[in-house]
Each structure stands twice: as C-alpha cells, then as structure tokens.
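Participant: any chance you could fold what I've pasted below:
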Amino acid sequence: MTYEVVIGLEVHAQLLTRSKMFCSCDADYANAPPNTHVCPVCLGMPGVLPVINKKAVEYTMMTALALNCNIPGYTKFDRKNYSYPDLVKGYQISQYDFPIGEHGELTIDSNGAKKTINITRVHLEEDVAKSQHRGSYSLIDMNRSGVPLMETVSEPEMRSPEEARDYLVKLRSILRYLGVSTGNMEEGSFRCDANISLRPLGSKDLGGKVELKNLNSFKAVYQALQYEVKRQTAMLEEGHKIAQETRGWADDRGITVTQRSKEYADDYRYFPEPDLPPLFLEKAWIEEIRNRLPELPEAKKERFIAQYQLSPSDAGILTSSRAMADYFEESARIMGPDKAKMISNWLQGDFSRLLNAVGIEIENAKISPVELAEMLTLVDKGAIGGPAAKAVFEEMFHTGKKASVIVEEKKLSQISDASEITNAVKQAMSGNPKAVADYRNGKESALAFLTGQVMRATRGRANPSRVQQILIEELGNFQEGERGK
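Facilitator: Below is the predicted model of the structure:
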C-alpha cells in the first residue's frame, strides 16, 4: 500500500526582550552562572504575582501579522498543568482558547513549487527551567524559567520531511527579519516539535500521531522525520497500529525512542490564569504594530529580482537573511545596480565560503560593505586580476585590512604593460615548445595552457585578456616565421 505522510509543526521561539515574561529578571542568561537570573516570580514562590511583558506581546503580534494571522482583539493567559522536574510550580502560564493570532499562512518554496501552509495559531507563554544531567542525578537551572516563549502551530499540511525543513527555514528567516528572535536552534532559542502520521493515499482520516522532541537542528528535524516515515511504514505493512505517543530523537544513534504516551488537551486541565487580567488588543495598537513591520523576505526577494535583474535563485539566497540582504543592498548602493550580479557572485562564493569556514554570520565579518565595494571596484577597473582578487579578499576577511593597503603591500596591482606581458609570453613559449607545436596543429587547449603559464610567471598579476591577445599574436608570428623557412 502507498501511504501519505502528514506533518504538522509546533515551533517555539524565545523572544528577544530584555526581561522575562512575567518578572523583571534579565532574559539574557546565555553566559550566566546557573540560578543567578532569578527572583521569587520565576522561581514560582507562593504568593507572588506575575506582570505581563508588553514587549513580548508586541513581538507576538508582529509575528502574527507577518504570518497573515487574524488578531481577534481579545486574548487571555491560562494555566497549563503538568508535572515535570523543570516546571517547579507545577503549571506553565500559556494560552489555550484565545491566542494572540490565529488562522494565518506561510508560503514555502519546495522542490521548485510554491505551497501555502496554514497557521493554526501564534500564542505566548513562559519558558521552563533546564535540567542538567550528572550521571545518576540531575540539577535544575532556573535561569531560563520565565523567558518569553512564542509558539507557532501549523496545520498538518506538510507532506514530506523536505517540506517541513523548508517551512522551518522560512519561518526562522521571518523571525530574524522582524528582529523578535535569534532563531538559533543550537542555542535552544528556536525549538521544534514535529507531529507525524501516515495514512493510506487518498484517505482523509488521520493515522496515529507521533510527536517528535529533542530536535535541535534543521538536520535533526529532517532525519527524525525520515526515520519515522520508514518506521511507521514498516509497522503498518506488518499490520500494527501506530501508538499515539511522544518520541525523542537520539542523534547519536539516528533513531527515535519512546518517551511517554501523547497527552491530550484535557490532560493539561487548562483554566484561565487567575492572577492575570484578559488583554484587549485595540485596533489602533494592531495597526501601529502593522506599520512597524519591515520588508519581509518574500517581498524583498521579488524586489531584488525586479530592481537588480537577479535570478530567482540568487535573490532567494541573498534574502534568506536580513543581514545578507542589507549587506548586498549597501554594496550595490555604492557600486551601482549594474554591478549587482558581480556583488551577488562574491557574496555567494568566496564570502560565504569563508563565513562558513569560521562559523560566523555576515554581520560579524571584518569586511564592511564599503570595503567590499572598494575591492570589487579594483577588480572591475582591472587594477587587480581574478587570482589576486581572491588572495586580497581572503586577507581582508582575516585581518580587516583594506584592499588598497594589501595590494600596495604585496605589490599585486595588475600588469597591463604590453612589453612586460610580451616578455612573459615569449618565455612561456620558449619553455613549452610542445604546447606551441600543439597550438600550431590546431589544438586550442594549448592556448589555455600557455595562458596559465604566463599567469603563473606573473603571479596572477597579468591582465588575462591582454595575455591571450598577445599570445595569439606571438603564436601567429611564430607560425608565419615557420612558414617562411
């Protein structure tokens, strides 16, 4: 039997607020010793009262609007009750039946086709503490407890692990454009629970749903979903039912493992948070937030295609992050829109290669858009050749020096003087008589070989087009001389 894969994603993103969701503790706990960013509220002490973080509400509204959600205007917080070591007060303040945003959508590009995934809801809650396992015992770090956590829930409309991965990449890009979250999965600020089930192709009934947890990278999400497709297919073909459960991803073994039976909403015994009043989101406030939204990735991509005549592929890569898009646009502003393709090639090529090698983002690079434009202008004017430009750029990347300084220090300015190039050409010809003979016999590849020899002799400084031009002239003169003998 052929089965259809049904995937829905629940994505939690920590919000970039200065304080926690319901208290004034510093929300930036990344480098803090355990249990130092805490107070009676986020420790869950008896008798304390929470206070809503307005900025967290605004960030959630921004996200909901960016995802084309409806914002009803009325929202409230609820208590979600469950027992777990990292939830010291025995309940989490979350939202249940009245979220901040609902009925939205996110369009993804998957396998060359656009597909719209409906968004069920975008709601706000508090993060929980973090367990630290030490062999036979565990410790609890409360620094994360109470950090604002926004959850985006999709409809179960993804039909492959590839679509799920594309959805996550697009959602993270939007959150980063908005500036509401870092979106770093490895640091835990962008976390995903994936729900997956299989059903016979053509059926409308959903199969037994498995929730996957411990997914801390796009790769882990993709591999865990791939594994579940194979596991559930094998079970169904053997006549077994798929149990509704929560499974964890064991990255070191490449398998999913049973954690517990899947909870239902009734298991959490939701009821309105008695210590927090409902929120009324006035239309004027919603419109104010809407007017603050930046240009989002999809709109920016379409503009790049129209304004800079870039291909959809190039525009998609350049707009995948706001920092990369801003860097490109600043460089293009300096050099002019007619140089957009040149800038794009360098950003996607050598620049991205070096960024990936050292593991940093473009906004943290030592090369500014102004300095990249200066270097590319030298290339465009023929002051430095291609090989020299790569060497200059690499030193710029590692040292932060300007291109003009490096070119002067290393004497890398391009040689265009005809007599100097002619001397190098004659030396290459005399040192490679076989290549000269091959060219004379009609072997065009010999010209490329001799060009390479001249470029090597000049350490890449000779103007390649002038080298080829002079080579052809000298080889022609050589042939004329041979025929005259």
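
Participant: helices and strands around the longest strand belonging to the chain, which ones?
Facilitator: Taking DSSP state E as the assignment, the strand of the chain that covers the most residues is strand 113-126. Using 3 or more Cβ pairs under 8 Å, 6 or more residues apart in numbering; DSSP states H and E as the contact definition, the elements that strand 113-126 packs against are helix 54-66, strand 91-94, strand 101-110, strand 148-154, helix 161-178. Every residue, glycine included, has its C-beta placed from N, CA and C.

Participant: try it again at 7 Å.
Facilitator: Other elements packing on strand 113-126 under the criterion 3 or more Cβ pairs under 7 Å, 6 or more residues apart in numbering; DSSP states H and E are helix 54-66, strand 91-94, strand 101-110, strand 148-154.

Participant: pull up the pairing partners for the helix or strand that comes right after it, direction included.
Facilitator: Following the chain from strand 113-126 toward its C-terminal end, the next helix or strand by DSSP states H and E is strand 130-134. Each strand paired with strand 130-134, and its direction, by DSSP bridges: strand 137-141 (antiparallel).

Participant: quick check: pLDDT value at the residue nearest to residue 377 when sequence neighbours are not counted.
Facilitator: Residue nearest to residue 377 in three dimensions, not counting chain neighbours: residue 335, with 6.6 Å by Cβ to Cβ, 6 or more residues apart in numbering. In this prediction, residue 335 carries a pLDDT score of 96.

Participant: repeat that for residue 478.
Facilitator: Residue 478 is assigned a pLDDT of 57 by the prediction.

Participant: and residue 328, how many neighbours?
Facilitator: Neighbours of residue 328 under the rule other Cβ atoms under 10 Å: 27.

Participant: ok, now which ones touch it?
Facilitator: For residue 328, the contacting residues are 318, 343, 344, 347, taking Cβ atoms under 7 Å, 6 or more residues apart in numbering as the criterion.

Participant: make it 8 Å
Facilitator: Residue 328 makes contact with 304, 318, 340, 343, 344, 347 under the criterion Cβ atoms under 8 Å, 6 or more residues apart in numbering.

Participant: between the helices and strands packed on strand 113-126, which gets nearest to residue 295?
Facilitator: When the helices and strands packed on strand 113-126 are compared by Cβ to Cβ, helix 54-66 sits nearest residue 295, at 10.8 Å.

Participant: now the angle from that closest one to strand 148-154?
Facilitator: Note on geometry: by axes from the mean of the first three to the mean of the last three Cα atoms, to 10 degrees, helix 54-66 and strand 148-154 are set 20 degrees apart in direction.

Participant: which strands and helices sit next to helix 54-66?
Facilitator: Under the contact definition 3+ Cβ pairs under 8 Å, 6+ apart, helix 54-66 sits against strand 101-110, strand 113-126, strand 148-154, helix 161-178, helix 283-291.

Participant: check contacts around the closest residue in space to residue 2 that isn't next to it in sequence.
Facilitator: Taking Cβ to Cβ, 6+ apart, and ignoring the residues beside it in sequence, residue 2 has residue 201 as its nearest neighbour in space, at 4.5 Å. Neighbour list for residue 201: 1, 2, 3, 4 [criterion: Cβ under 8 Å, 6+ apart].

Participant: can you tell me how far residue 288 sits from residue 124?
Facilitator: Relative to residue 124, residue 288 is positioned 18 Å away (criterion: Cβ to Cβ, to the nearest Å).

Participant: no, scratch that, I was asking about residue 272
Facilitator: 15 Å.

Participant: which one's more surrounded, these two?
Facilitator: The neighbour count for residue 272 versus residue 124, taken as other Cβ under 10 Å, is higher for residue 124 (28 against 15).

Participant: what pLDDT does the model give the closest residue in space to that one that isn't next to it in sequence?
Facilitator: Nearest non-adjacent residue to residue 124, counting by Cβ to Cβ, 6+ apart: residue 60, 4.8 Å away. Looking at residue 60, its pLDDT stands at 98.

Participant: list the contacts of residue 60.
Facilitator: 15, 100, 101, 122, 123, 124, 150, 180.

Participant: ok, 7 Å please
Facilitator: With contacts taken as Cβ under 7 Å, 6+ apart, residue 60 has the following neighbours: 100, 122, 124, 150.

Participant: find me the pLDDT at the residue lying closest to the second one once chain neighbours are set aside, would you?
Facilitator: Leaving out its chain neighbours, the residue that sits closest to residue 122 by Cβ to Cβ, 6+ apart is residue 101, at 3.9 Å. The model reports residue 101 with a pLDDT of 98.

Participant: determine the three-state secondary structure at residue 146.
Facilitator: The three-state label given to residue 146 by DSSP: H, G, I helix; E, B strand; the rest coil is coil.

Participant: isn't it right next to residue 24, touching?
Facilitator: No. The pair residue 146 / residue 24 is not scored as a contact, 10.3 Å apart, by Cβ atoms under 7 Å.

Participant: so between the two, which is more surrounded?
Facilitator: When residue 146 is set against residue 24 and neighbours are counted by other Cβ under 10 Å, the residue ahead is residue 146, at 28 against 13.

Participant: state the distance from that one to residue 126.
Facilitator: Taking Cβ to Cβ as the measure, residue 146 falls 5 Å from residue 126.

Participant: find residues that contact each of those two.
Facilitator: Here residue 146 and residue 126 have 21, 22 as joint contacts, going by Cβ under 7 Å, 6+ apart.

Participant: confirm that residue 428 sits in a helix.
Facilitator: Yes. The assignment for residue 428 by three-state DSSP puts it in a helix.

Participant: for it, which non-adjacent residue is closest in space?
Facilitator: With Cβ to Cβ, 6+ apart as the measure, residue 453 is the residue that lies nearest to residue 428, at 4.1 Å, once sequence neighbours are left out.

Participant: quickly find the element holding that neighbour.
Facilitator: Remark: residue 453 resides in helix 445-457, with elements defined by DSSP H and E.

Participant: how is this protein divided into domains?
Facilitator: The chain breaks down into these structural domains: 3-288, 295-410, 418-484 (assignment by automatic domain parsing).

Participant: could you check how far the last one is from the centre of its chain?
Facilitator: Relative to its parent chain, domain 418-484 has a centroid offset of 47 Å by Cα atoms, centre = their mean, to the nearest Å.

Participant: verify the contact between residue 41 and residue 22 for me.
Facilitator: Yes. Here residue 41 reaches residue 22: they are 5.8 Å apart, a contact under Cβ under 7 Å.
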